[in-house]
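**Q** output the structure for:
(chains A and B)
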Amino acid sequence: MKVKDDQPLRIGFYVCHCGHNIAGVVDCAAVAQYAATLEGVVLSRDYKYMCSSPGQELIREDIRDHNLNRVVVASCSPLLHEHTFRTAVAAGGLNPFLFQMVNIREHDAWVHTDKAAATDKAKALAAAAIRRVARHRPLETTRAPIHPDVLVVGGGISGIHAALTLANAGKKVYLVERDPSIGGHMAQFDKTFPTLDCAACILTPKMSAVRAHKNIVLWTYSEVAKVEGYVGNYTVTVRRKARYVQEELCVGCQECVEACVFKEPKFPDRFNVGLSRRKPIYMPFPQAVPQAVVIDPERCIELKTGKCKKTCLEACADRHAIDFQQKEELVQIHVGSMIVATGYELFDPRRLPHYGYGRYPDVLTTLECERLISSSGPTGGELRLHSGQAPTAVGFVLCAGSRDYKTNRWCSRTCCMHSMKLAQIIRERTGAEVTLFYIDIRAPGKGGEEFYDRALAQGVKFVRGRVAEVSDCPLSPAEQGKLIVRVEDTLAGMVRRIPLDMVVLAVGMEPQANAQEVRRIMNMSCSAEGWFLEKHPKMAPVSTFTDGVFIAGCCQGPKDIPDSIAQAGAAAAEALALIDAGGIDQEPNTAYISEEDCSGCKSCVDLCPYKAIAFDPVKEKASINAALCKGCGVCVAACPSGSIGQNLFEDQEVFEEIEGVLAHA
Amino acid sequence: MAKPKIGFYWCASCGGCEEAVVDLAEDILAVTAAVDIVFWPVAMDYKKADVTSLPDQALTATFINGAIRTSEQEEMARLLRAKSRYLIAFGACAQLGGIPALANEFSREAILSWVYQDAPTVVNPERVRPAVRTDDDGRTLTLPEFRNVVRTLNQVVEVDYYLPGCPPTPKLIKAAVGALLEGKLPPRGTVLAPDVALCEECPRKKTKPQDLHFTAFKRPHLVPLDPELCLLAQGLVCMGPATRGGCGALCPGANMPCTGCFGPTSRVRDQGAKMLSSLTSAMEAKEVPEVEKVLAGIPDPVGTFYRYGLAGSLLRVNTTAAAAASKEAL
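**A** Purely as a prediction, here's the structure:
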């Protein structure tokens, strides 16, 4: 057999033992012997660790000494070491794409126990790759420039930290936040575990820094509407919702709020989780950034009917910041990379009717409890029952909706610590009895176990058992007027009824309701639960399958503040690495259309998930932008006249592979 | 100098390809002036001996239409191959198997029992079946063997060129004969038609939307058809995008979807699979029940996607094994 440039085929074949990983099941020497008999193979070896430096050196030397013009390595998954071997092949002076990898670990040794059959399968796979590699052509990676600006989506602590890191490194950052203020969930917290330092004290300086940073363009009350383009060159359309207040003119004096025709605040305040009221014109919360009020168009009489006295306008007469004519705007920006830090939602405990949330006013969520003990909260930090009295006995129901096949199967990681934090604060401030109902206490990480000890030392009671029910039906005088928690105490081995004044449900984290929409816009993948999927759980935890799109914080899965910040820093570092590389190498496994073959049937155009295919209405032909193409192959399968080919997946290569594997069988 | 000798022969076919030659109308006079037709059993009284008596490669070119089903067809194909410099598969049946190859959906036994026994119009109380050899009162009658499967011409003998179509259009025939006479032939194995799909020359091309997603498939006799709008956009399975052009989009021009008779482009191994792959890629439904509902609009998928291509398709790759088996049966 001859290769395309008429050189006789000289294939080097290597089979890796991977220690015992492969050699424990596959007879590697037998595979090497078999491969040596195949057409075009001039050299066949087995070696203990092909990915090691000596293994790679072997390939380099053999290419030189034996004048190899094709290389096949049978080892692990290409995801792991394709790049390693391609680099070794290139170091040997051969085009790195005249190489093919055979996965005899994940696809063979790890999934079989019958050694003879597994060895046979390795031979078949080797035969397929050897036939395939003969068809390989030299390919070149291309380099695309990278736009240095970065978009950060989400202004919680993760987004804030990522934006500041990038901005401090001198990159221009667009920070887009859906709500009228940045801050996210962290802004709602009183203190943070396990150090019990004040959340506001550590967050608000960062929020102000974002506002003041010359490299950050902060767009609150805005959402990403559309993303086009590819790594290094994204065009993003941002929807800037109408605030009806000109942000740059408003100084946050809130005289307009005072002056509003609504004398009393009437509407649930989102920041305080509905525990307090606000007016149609309001400041999201005292430390909000930007310090600009916002008008709720659903509540404002002027915006709804146009028949208001507009006392707010008069109050702002000197600044003219209020603008009822303001319209939603679509703004286009160009960035090279994006960090998605869209956070989470809390589990809605109404889905657990047996816990009485929404029915009993003194059944709260952890976040509501958090707002009640916060000095910026609706009660100024006094923990109060619905009746206005201070509670004497408070219970925490852990895993409310978590670790449960009926609701969310996952552990939200923070609820144990969060509940223990609230329990300690309540103990300290009110002296109330606090009981935690738990399945397992999960207090991992730095200072976690010590924090648990501290709660115990403070006299917080722990009852092990998943709470069955919270009710207000007394069975004894002691239970009169109380909330009764019914639980099987699995340590005491009995069912108990514990009367309490207040029950706090430790609700877990869920993906945002619009996670799927965001996923589609940003072209990411989601796990089955709906968390954004990282490229590799260990090796690429903040990367996604779309190059140039990174994730940070709880949108990727439940985590606490330190982990969120660590991820945000990691995502910022990944973005920086991308930007400072100056350009990006692109896999040449792209699809291409030969213009003279295309009939212009348009079958492919709309199928491309990366919008890489354009149809020229004058020539009436489709064409693929190689920079946008990710090599998914959808268009190749869909082209009815076979006019779309794909590098590294040419029909001939695939057919040779099939025939190779069948020929051995 | 003697005129080039030309032959025509038919195998498993309807005769339409022979009509196509006559469809050259007065142009056939120019052809006959330039060549000697030495074998054309459909048109005139030729015998097999007229060919066997010729030396090998005596014929410049032979045009064979029809697929190969019987032993006689196979024998004639081999004979004409030996006697011809160029063997040309003429029409869809010789090139791809054509309509006769749809019989490959059924076993030989199923075909014979239906045709000679079970079909409601058959009266055959003695259950007589055609036999290769029948001895009757001292006389022996022979019939060709009915093979297990229908094959394309190139599954039996080497073919030099292909003239596609059901039948090939006069324009393509003239061009092919012209190229033959002038010695301006492309590389062996070429299909003598453009290698671009039919859409390129379809008058409805511009009306095909870019974002076509199929929600239902309809058959042409069940819906009033817009004479200008792309037929795929009307929910019809038009094979045009998966079919070689060259016919001038005759069927779409007559308000009927393309059925694929020109076969695939040179870049496609299996026309039916490619069209299925393409259509289903653009199907709106993603869940199995809805997908099945949409696919119910194509009650005969083999007849739709493999109307001409079944014999040569990947669905029947073991035809050689089947043919060997049928030889043993002899």
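**Q** name the helix or strand of chain A that has the lowest mean pLDDT.
**A** Here the helix or strand of chain A ranked lowest by mean pLDDT, DSSP states H and E is strand A:583-586, holding a mean of 84.
**Q** buried set for it?
**A** A:I584, A:Q586 (16 or more other C-beta atoms under 10 Å in any protein chain shown). Placement of C-beta: from N, CA and C, glycine included.
**Q** which element, helix or strand, includes B:E19?
**A** Per DSSP states H and E: B:E19 is located in helix B:16-22.
**Q** what residues are up against the most centrally placed residue in chain A?
**A** Closest to where the C-alpha atoms of chain A average out (C-alpha atoms, centre = their mean) is A:Q556, at 3.0 Å. Applying C-beta atoms under 8 Å, 6 or more residues apart in numbering or on different chains, we find A:Q556 in contact with A:W531, A:F532, A:L533, A:E534, A:P541, A:V542, A:Q567.
**Q** could you dump the residues you listed to a markdown table with secondary structure and pLDDT?
**A** Below are those laid out as a markdown table (DSSP: H, G, I helix; E, B strand; the rest coil; pLDDT from 0 to 100):
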| residue | secondary structure | pLDDT |
| --- | --- | --- |
| A:W531 | coil | 97 |
| A:F532 | strand | 97 |
| A:L533 | coil | 95 |
| A:E534 | coil | 96 |
| A:P541 | coil | 96 |
| A:V542 | coil | 97 |
| A:Q567 | helix | 98 |
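**Q** quick check: the residue lying farthest from the centre of chain A vs chain B, distance?
**A** Ranked by distance from the centre of chain A (C-alpha atoms, centre = their mean), the top residue is A:P477, with 51.0 Å. According to C-beta to the nearest C-beta, to the nearest Å, A:P477 and chain B sit 58 Å apart.
**Q** what residues go with each domain of chain B?
**A** By the assignment in automatic domain parsing, chain B contains the domains B:5-99+B:150-182, B:198-299.
**Q** does the last one come close to chain A?
**A** Right, domain B:198-299. Yes. Judged by C-beta under 8 Å from any C-beta of the partner chain, domain B:198-299 comes into contact with chain A at B:198-200, B:205-206, B:208-213, B:240-242, B:245, B:264-265, B:267-269, B:274-275, B:277-278, B:281-282.
**Q** give the closest residue to residue 93 in space, chain neighbours not counted.
**A** Answering for chain A, as no chain was given. A:I63 (6.1 Å; C-beta to C-beta, 6 or more residues apart in numbering or on different chains).
**Q** switch to chain B, please.
**A** Closest to B:C93 by C-beta to C-beta, 6+ apart is B:A67, at 4.4 Å.
**Q** give the bridge partners for the closest residue to chain B within the stretch 251-400 of chain A, please.
**A** Closest residue of the stretch 251-400 of chain A to chain B, C-beta to the nearest C-beta: A:L330 (21.8 Å). For A:L330, the beta-bridge partners are A:R239 (DSSP bridges).
**Q** my guess is it meets A:A225, correct?
**A** Yes. Contact status for A:L330 versus A:A225: in contact at 6.4 Å, counting by C-beta atoms under 8 Å.
**Q** what's around B:L314, how many residues?
**A** Neighbour count for B:L314, taken as other C-beta atoms under 10 Å in any protein chain shown: 10.
**Q** isn't there a helix covering the residue nearest to A:G93?
**A** Yes. Under DSSP: H, G, I helix; E, B strand; the rest coil, A:I63 sits within a helix.
**Q** which residues touch the residue nearest to B:G235 when sequence neighbours are not counted?
**A** Using C-beta to C-beta, 6+ apart and skipping residues adjacent in sequence, the residue nearest B:G235 is B:K218, 4.5 Å away. Shown in contact with B:K218 (C-beta under 8 Å, 6+ apart): B:Q234, B:G235, B:L236, B:G297.
**Q** measure B:K218 to B:M256 for me?
**A** B:K218 is 13 Å from B:M256, where distance means C-beta to C-beta, to the nearest Å.
**Q** OK, contacts around A:E177?
**A** A:G154, A:G155, A:G159, A:L218, A:W219, A:T220, A:Y221, A:S222.
**Q** give me that answer again for 6 Å
**A** Contacts for A:E177 (C-beta atoms under 6 Å, 6 or more residues apart in numbering or on different chains) come out as A:G155, A:T220.
**Q** with B:M283 instead?
**A** So B:M283 contacts B:F214 (C-beta under 6 Å, 6+ apart).
**Q** beta partners of it?
**A** B:F214.
**Q** quick one, phi/psi of the closest residue to A:E449 other than its chain neighbours?
**A** Leaving out its chain neighbours, the residue that sits closest to A:E449 by C-beta to C-beta, 6+ apart is A:A443, at 5.3 Å. Backbone torsions of A:A443, given as degrees, to the nearest 10, read phi -130, psi 60.
**Q** so A:A443 touches A:R454, yeah?
**A** No. Look at A:A443 against A:R454 with C-beta atoms under 6 Å: they stay out of range, at 10.2 Å.
**Q** look up how far A:F451 lies from the residue farthest from the centre of chain A.
**A** Relative to A:F451, and taking C-beta to C-beta, A:P477 is found at 37 Å.
**Q** for B:D135, same thing?
**A** 103 Å.
**Q** same thing with A:K406?
**A** Distance from A:K406 to A:F451, by C-beta to C-beta: 30 Å.
**Q** tell me which of these two has more neighbours.
**A** Neighbour totals were compared for A:K406 and A:F451, and A:F451 leads with 21 against 8 (other C-beta under 10 Å).
**Q** find the helix or strand that the more buried one is a member of.
**A** Using DSSP H and E, A:F451 falls in helix A:448-457.
**Q** on that earlier part again, just the buried residues of the residues of domain B:198-299 next to chain A.
**A** Of the residues of domain B:198-299 next to chain A, these count as buried by 16+ other C-beta under 10 Å: B:198-200, B:205, B:208, B:212, B:240-242, B:245, B:264-265, B:267-268, B:274-275, B:277-278, B:281-282.
**Q** okay, now the closest residue to A:H664 other than its chain neighbours: neighbour count?
**A** Counting by C-beta to C-beta, 6+ apart, A:A124 is the residue found nearest to A:H664 once chain neighbours are left out, at 3.8 Å. Using other C-beta under 10 Å, A:A124 has 19 neighbouring residues.
**Q** average pLDDT for the helix or strand where A:A124 lies?
**A** Assigned by DSSP H and E, A:A124 belongs to helix A:115-133. Averaged across helix A:115-133, the pLDDT comes to 97.
**Q** so which elements touch it?
**A** Judged by 3 or more C-beta pairs under 6 Å, 6 or more residues apart in numbering or on different chains; DSSP states H and E, the packing partners of helix A:115-133 are helix A:28-36, strand A:70-75, strand A:99-103, helix A:651-664.
**Q** so for A:A513, which of the ones you listed sits nearest?
**A** strand A:99-103 (39.0 Å; C-beta to C-beta).
**Q** tell me what angle the closest one forms with helix A:28-36.
**A** If you take axes from the mean of the first three to the mean of the last three C-alpha atoms, to 10 degrees, strand A:99-103 sits at 140 degrees to helix A:28-36.
**Q** so where is chain A shaky, pLDDT-wise?
**A** A:1-6, A:665 (pLDDT under 70).
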